[in-house]
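# Sequence and predicted structure are below.
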Amino acid sequence: MSELTLVTPERIHQAYAELRDATEILANTSMDLQRLRWELDASKARLTVEGRLIGSNAETREASARTQLIDLYGPVEDTELLVTRARMERDRWALEVEEFKQLLRLMELTRTEPELERAQ
């Protein structure tokens, strides 16, 4: 929001609506990411039980899992990026809403101050 932006009820309503939508998108993409991670973890566990994860240390076993489960790692990484973008968008709208709150508070204080001086 620029310093010349007018504070109107429509703009405030729009900012809250955008914040609500962005929060919902973040929640949905976060749940998608969690589901994908559970699927990946279950597949890694299955490979471990089957003795198909090769390697004497964690890094080697992780590399083996990546090779064997490449079709699961890609969607996890893509969804992690979507979650990051969704969080940024939600934060952007949260800042917009906060700026409106601060501007309205400032307007309220400036309007009230002269009234207090006249009463004295």
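Ah, there it is.
# nearest residue to the most centrally placed residue in the chain other than its sequence neighbours?
Residue closest to the average C-alpha location in the chain (CA atoms, centre = their mean): R87, at 1.9 Å. Spatially, and ignoring its direct neighbours in sequence, R87 is nearest to L26 (5.7 Å; CB to CB, 6 or more residues apart in numbering). C-beta coordinates here come from the backbone N, C-alpha and C atoms, glycine included.
# Am I right that that neighbour is in contact with A86?
Yes: applying CB atoms under 8 Å, one finds L26 in contact with A86, separated by 4.1 Å.
# What segments of this protein are helices?
Per DSSP state H, the chain carries helices over the ranges 9-49, 58-68, 70-119.
# Could you dump those into TSV with mean pLDDT added?
Formatted as TSV, those follow (pLDDT from 0 to 100):
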stretch	mean pLDDT
helix 9-49	97
helix 58-68	94
helix 70-119	87
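# Who are the contact partners of Y16?
The contact partners of Y16, taken as CB atoms under 8 Å, 6 or more residues apart in numbering, are V97.
# From P9, how far out is it?
Separation of Y16 from P9 (CB to CB, to the nearest Å): 11 Å.
# follow-up on the earlier one: how many residues are close by the residue nearest to R87?
Residues near L26, counting by other CB atoms under 10 Å, number 20.
# Quick check: nearest residue in space to L47, chain neighbours excluded?
Distance criterion CB to CB, 6+ apart; nearest residue to L47, sequence neighbours excluded, is L53 at 4.8 Å.
# That neighbour and S43 touch, don't they?
No: counting by CB under 8 Å, L53 stays clear of S43, with 10.5 Å between them.
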